[in-house]
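S.K.: Next come a sequence and a model predicted from it.
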Amino acid sequence: MFRTGLSKGKPKNESGTPKGYLDTSHNQTGKELAKFTVMYAKASTKKHKTWEGDGILICYADYAVMKSEDEKEVLGRTSGLKNLADLDSGKVIVMGGYEVQIQDRLLFSNDIKSSHSEESSSSSPEDNQPDSRKRVSQMLYQRAALMPKFATKVLSNQLGPPSKKPFMGNAIMTSSSRGTFNSPLAVDKKEKSHPPFVIDDSEDPKPTVDSCIAAHLRPHQKEGITFIYKSLRDHGGCILADEMGLGKSIQTIAAIWAMMRKNSIRINLKCLLVVPSSLVNNWKAEFKKWFGTLRKPVIAVQKNSDIRSYAASHSYNPFLLISYDLALRHAEHLKLLKFDVLVCDEGHKLKNINGKIRTALYSLEIPRRLILTGTPTQNDLDEFFSLLDFICPGKFGNRIEFREMCTEKNDEFTALRDKCLLRRLSSKLQAHLPNKHEYVFFCKPSEIQKKVLQTICDQMTGEPLVLIDYIRKLVNHPKLLHQKLLEDQGKEARISARPLLYTFPKNYKESVSDSGKLSTLCEMLACFHEYKERCVIASSYAKTLDMIEKLCSAMNFCVFRLDGDTPVHVRQKIVDQFNTASDPNSVFLLSKKAGGAGLNLVGASRFVLFDSEWNPAIDLQAMARIWRDGQKLECHIYRMATAGTIDEKMIQRQIQKGELGHFVEQIENSSNVKFRDEDLADIFTFHDSPCNTHDMIECKCGGTGNLPGEEEEIENSDEGVANDENAMVNTEDDALDDFEDYIITINKKEDKETIEETEMEKEEENGGAEVENAEDAEQLAINGSSLNSLFRWRHYSPRHESQWEEFKETAGLGAIDLSDVSFVFKISVKTSES
Ligand SMILES: Nc1ncnc2c1ncn2[C@@H]1O[C@H](COP(=O)(O)OP(=O)(O)OP(=O)(O)O)[C@@H](O)[C@H]1O
C-alpha cells in the first residue's frame, strides 16, 4: 500500500464537523494538478472492506485533499503524495483516517474544450447546442471517468507518462456499500495480482481486458471475448449463441470496451445496445457490477432527452442502452448518431427478414453488428439466413443461394458460417456451479380431470386449437377450464362450452386434490417450507399463477411474482428483493414469457416448471434462472406433467427435438414433416397409464424403474452413477459444429412481425400466444424410437419402494409421500468436483 503523510486530529467545531473541513477553496492555494474520483473507507486491517462513500481527490503541487462527491466537504488531506504518476486506477492510499482507492482521473474543463475541437472532426449534435447545453455537456465530460488521448497529452507534463494499465472498472464493492448487488469483484481481490487478458497479441497496441475483470473471466469467456473482438474487426459481425447463463453480457461488454480503449487511449466508438424492454435493468446492473458505480459508461434510454444526453456525452458514456420498441420509435434519431457497433440481445427477434424491427435496425447502417441469443433460430433456414445476413449483409448470398449452400454442405460456406457464430453449452458452467438435478414428475390425473378429458376426447368436435387450449387448462387444474367455459358460454364460441360444463358437478367447488400436479406441488411446498429452501414456480398461464399464488399465501409463504402485468421498471427490484429476502419461506412466481429470459433468481435452489411449452427454448430459458453464477446450493428442477395427457406429448416433442441430427438435415427433414391425423388424434387420446412416455419407449423394467442388471451396477458404484449421469449431458463437441441441439424445427409459420414489442410481449406474457403455440402441435410426429434418449435417464416408480425412497431423499423431498406421482425420469448434471 502506498502510505502518505497523514493529517489527523483536526479540532472540531460546534456541529461536530472538523474545523476547516467545510469546503473552502480558499484553504487550498496553488493550481489543481489533477483530480480523481475515489472511494473511501475507515482504515482497517479487514480483508474485505466496505467502502463507505465516493469522493474526489484533488492534487496540488505539494499536497492533496479528499473531498466529498459534491466537493463541499473536506474529508482528509495529505502532503505525502510524491509521484502523481503512481496514482493508477485501483491504487489504495491512506489519508486522514481513511483508506482511499483511486478510481478515475477527471479532466479539467480547459482540457475538455481543447480536446473537443481536436477530437471531433465530424460534427456531432452538440456542436450546435446553445451555451447552456454546452456547459451541461462539459460537466458531463468532467464527471466522466475515462482518460482520453488528448488529455494524456495535456497532462503528461504534469503527471508523467500515461498509465500502461488498461483502464477498466475496478470498484471493489460490497453489498452494503453498493445496494444489494453483489459484485464478484467484492468477493476477493485476486484481480490485484492478475495480469490483464490480452485479446490479440499481434495488434499494436494490444487490445486487453483489464486485470480486475480478467481475474474473474472463465476460459470460455476469454474465448468468447476474442471471438467477438476479432469477428467485429475482421468480418463486421457475429452471433454469440451461447446457452443461458454463460455470461454473454460480460463477454460483449469486455470485447467492445477493449475496442474502445487501447493502452489507456480512448478510441471514440459509439455502441448501440438494443435489448428487450424487460432486460434493460439487467444490463444496467451488469454494467454496474463490472464497472462499479462511479464509472457509468452506459446511458439507458427512458425518454427522448436521454438520447440527447448521449449525443452530448458519448465520448464518456459510449454505450447507449435501449429497448427494441424505443429503438424502433427513435430510429431516425439513432441514425443521426452514426453508431459504430450495434448489439442486439435476444437477437432471434430479428429472424423475420421483413420484420419492422429488423428493417429499422438494418437501416441504421451501423458497420459492426453483434447478435446475442441463446436460441439463434427457432424455425428454419430462412430465419437463420435472416440473422446471418443481418450481421454480415450480402456475405451469405441471397436466401435461395443460402439454402443451396446449406444443403450442398459447401465447405467454404461452413467455414464462413463458423467464423461468424460461436455456440457453447451451459454444461461449461458445471465446473463452477453446484450440482443440478432435473426431474420430470408424471402426476396422476384426478377423477374429475379424467372424466372431463374423456368427454373432450370422445365427444367434442370443432376447432382443434380451442380444444387443445381447453385440455391444457384442464391438466393444470379443472377450475381453470371451468372458469374459461363459464366465460365462453355467453360468447359465440367456436365450440359450444355448455355440454362440457355439464361434465362438471353442479356448483363445482374446486379443491387442491382436483389436480394431480397441484396436490403434488402442495406437498412439495410443505417440504420446501420445512427445509427452508426458496423456490421458483413457473407457468405459461397467468391464471395458473393466480391459483398457485392463493395456495402459497394460504401456506404462509412470502410470495413474489413477475408476469406480463409487472411494470418493467420494478422487475429488477422484485428479483433483488427475492434474492436477498431474509424469509427462507419465499416463493417466486414466474410467467415464463415475461421472465423466462435474462433473470437471475439464484436466491432459490428449487424450481418447479408447472407446465410445458411446445417450444423447448422457452422452458429451457425459464429453467436456467436458478442454475447460474452466484448459485451456492445444489439445485433441483422439477418438471410437472399430468400423466397420459397433452402434458406428456409436449415433453415428448421437446425430447424428440433434442434428439434430431445434423442442423441442416434437421431443417431439411422438418420440411417433410407433414401434419398427420394420427398425431393430432394422439393429443386427443387419454392414455390411462402411470407414464405414457415410458410405455412408448418399451422399456423392459415393467414399470419398476429398474433395468435388468442395472441395480447392482448402480448400487455398487457411485462412480458408475456419476459417469452415467455425465453421459446424459451433451458434450461440448456435440455443440461446436452445428449447434443442432437447440434448433427448433417446425414448419415455417406465417411470417409475423416481431415488434410492437411492448404490446406483443405483454400479450404473450399473459398467455395470448397460446393459440399460436398450439399451431405448432400440428407438426407432431412422435414415436417411441424418437424418444430413445430416455433410456439414458434414470427411471423411478413408486412400485419399486426402496429405490423410490432413495430417489425422494436425493430429490430433496424425503419428507413427503408424493402420493400423486406415478413415475419419474431424472437427469443430473454433476460438477467436476463431485
Ligand atoms: N465470470 C463471472 N464471474 C461472476 N459472475 C459472472 C461471470 N460471468 C457471468 N456472471 C454472471 O452470471 C449471470 C449470467 O450472465 P448473463 O446474463 O450475461 O448470461 P447470459 O449468457 O446472457 O444468459 P441469459 O441468456 O440467460 O441471460 C450474470 O449475473 C453475470 O453477472
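M.R.: The structure has been received and is ready for your questions. Numbering: from 1, shown residues only.

S.K.: okay, now the closest residue to P393 other than its chain neighbours: neighbour count?
M.R.: Nearest residue to P393, sequence neighbours excluded (Cβ to Cβ, 6 or more residues apart in numbering): Y362, at 7.6 Å. C-beta coordinates here come from the backbone N, C-alpha and C atoms, glycine included. Neighbours of Y362 under the rule other Cβ atoms under 10 Å: 17.

S.K.: I figured Y362 hits L387, correct?
M.R.: No - between Y362 and L387 there is no contact under Cβ atoms under 8 Å: 11.9 Å.

S.K.: What are the buried residues along the strand or helix carrying Q803?
M.R.: Here Q803, judged by DSSP states H and E, is contained in helix 801-810. In terms of neighbour count (16 or more other Cβ atoms under 10 Å), helix 801-810 has its buried residues at 803-804, 807-808, 810.

S.K.: So which of those is the closest to the ligand?
M.R.: Taking Cβ to the nearest ligand atom as the measure, T810 is the one of the buried residues of helix 801-810 closest to the ligand, at 26.7 Å.

S.K.: count of neighbours near the residue nearest to that closest one when sequence neighbours are not counted?
M.R.: Take T810 and drop its neighbours on the chain: the residue closest to it by Cβ to Cβ, 6+ apart is H437, 7.4 Å away. Neighbour count for H437, taken as other Cβ under 10 Å: 19.

S.K.: same for the one helix or strand H437 maps to, what does it pack against?
M.R.: Assigned by DSSP H and E, H437 falls within strand 436-443. In terms of contacts (3 or more Cβ pairs under 8 Å, 6 or more residues apart in numbering; DSSP states H and E), strand 436-443 is packed against helix 516-531, strand 635-642, strand 821-829.

S.K.: Name every strand pairing with the last one and say which way it goes.
M.R.: Using DSSP bridges, the strands paired with strand 821-829 are strand 436-443 (antiparallel), strand 794-796 (antiparallel).

S.K.: between those strands, which gets nearest to W627?
M.R.: Closest to W627 of those, according to Cβ to Cβ: strand 436-443, at 4.8 Å.

S.K.: Quick one: work out the angle between the closest one and strand 635-642.
M.R.: Here strand 436-443 runs at an angle of 20 degrees relative to strand 635-642 (axes from the mean of the first three to the mean of the last three Cα atoms, to 10 degrees).

S.K.: For the helix or strand following strand 436-443, name the packing helices and strands.
M.R.: Next along the chain after strand 436-443, taking DSSP H and E as the criterion, comes helix 447-459. Judged by 3+ Cβ pairs under 8 Å, 6+ apart, the packing partners of helix 447-459 are helix 464-476, helix 478-489, helix 498-501.

S.K.: tell me the most buried of those helices?
M.R.: Most buried of these, by mean neighbour count (mean count of other Cβ atoms under 10 Å): helix 464-476, with a mean of 23.

S.K.: Let me see the domain layout of the chain.
M.R.: 34-44+51-106, 197-430, 436-446+515-663+686-701+794-827 (the TED database).

S.K.: Any chance of JSON lines for these, columns distance to Q483 and mean pLDDT?
M.R.: Supplementary listing: the domains of the chain in JSON lines, determined by distance: least, Cβ to Cβ, whole Å; pLDDT from 0 to 100:
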{"stretch": "domain 34-44+51-106", "distance to Q483": "53", "mean pLDDT": "77"}
{"stretch": "domain 197-430", "distance to Q483": "27", "mean pLDDT": "88"}
{"stretch": "domain 436-446+515-663+686-701+794-827", "distance to Q483": "7", "mean pLDDT": "88"}
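
S.K.: Distance-wise, check the nearest residue to P195 once chain neighbours are set aside relative to A254.
M.R.: In this structure, P195 finds its nearest non-sequential neighbour in S211, 5.9 Å apart by Cβ to Cβ, 6+ apart. Distance, S211 to A254, using Cβ to Cβ, to the nearest Å: 12 Å.

S.K.: Straight-line length of stretch 352-359, end to end?
M.R.: Stretch 352-359 has an end-to-end distance of 9 Å (criterion: Cα to Cα, to the nearest Å).

S.K.: Surely P616 is in contact with Q652?
M.R.: No - under the criterion of Cβ under 8 Å, P616 makes no contact with Q652, lying 11.2 Å away.

S.K.: These two - which one has more neighbours?
M.R.: Counted by other Cβ under 10 Å, P616 and Q652 do not tie: Q652 has more neighbours, with 24 against 21.

S.K.: Against A538, how distant is the more buried one?
M.R.: Distance, Q652 to A538, by Cβ to Cβ: 20 Å.

S.K.: before we move on, back to that, for the ligand, find the nearest of the helices and strands packed on strand 436-443.
M.R.: Among those, strand 635-642 sits nearest to the ligand (Cβ to the nearest ligand atom), with 14.5 Å.

S.K.: Mind giving me the packing neighbours of that closest one?
M.R.: strand 436-443, helix 516-531, strand 606-609, helix 616-623, helix 646-659.

S.K.: how about 6 Å then?
M.R.: strand 436-443, helix 516-531, strand 606-609, helix 646-659 (3 or more Cβ pairs under 6 Å, 6 or more residues apart in numbering; DSSP states H and E).

S.K.: Redo those as TSV? Include distance to T414.
M.R.: Converted to TSV, the helices and strands packed on strand 635-642 look like this (distance: least, Cβ to Cβ, whole Å):
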stretch	distance to T414
strand 436-443	33
helix 516-531	44
strand 606-609	36
helix 646-659	23
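
S.K.: Would you mind giving these as JSON lines with distance to the ligand added?
M.R.: Output for the helices and strands packed on strand 635-642, formatted as JSON lines (distance: least, Cβ to the nearest ligand atom, whole Å):
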{"stretch": "strand 436-443", "distance to the ligand": "14"}
{"stretch": "helix 516-531", "distance to the ligand": "24"}
{"stretch": "strand 606-609", "distance to the ligand": "14"}
{"stretch": "helix 646-659", "distance to the ligand": "18"}
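
S.K.: Tell me which of those sits nearest to P567.
M.R.: strand 606-609 (24.4 Å).
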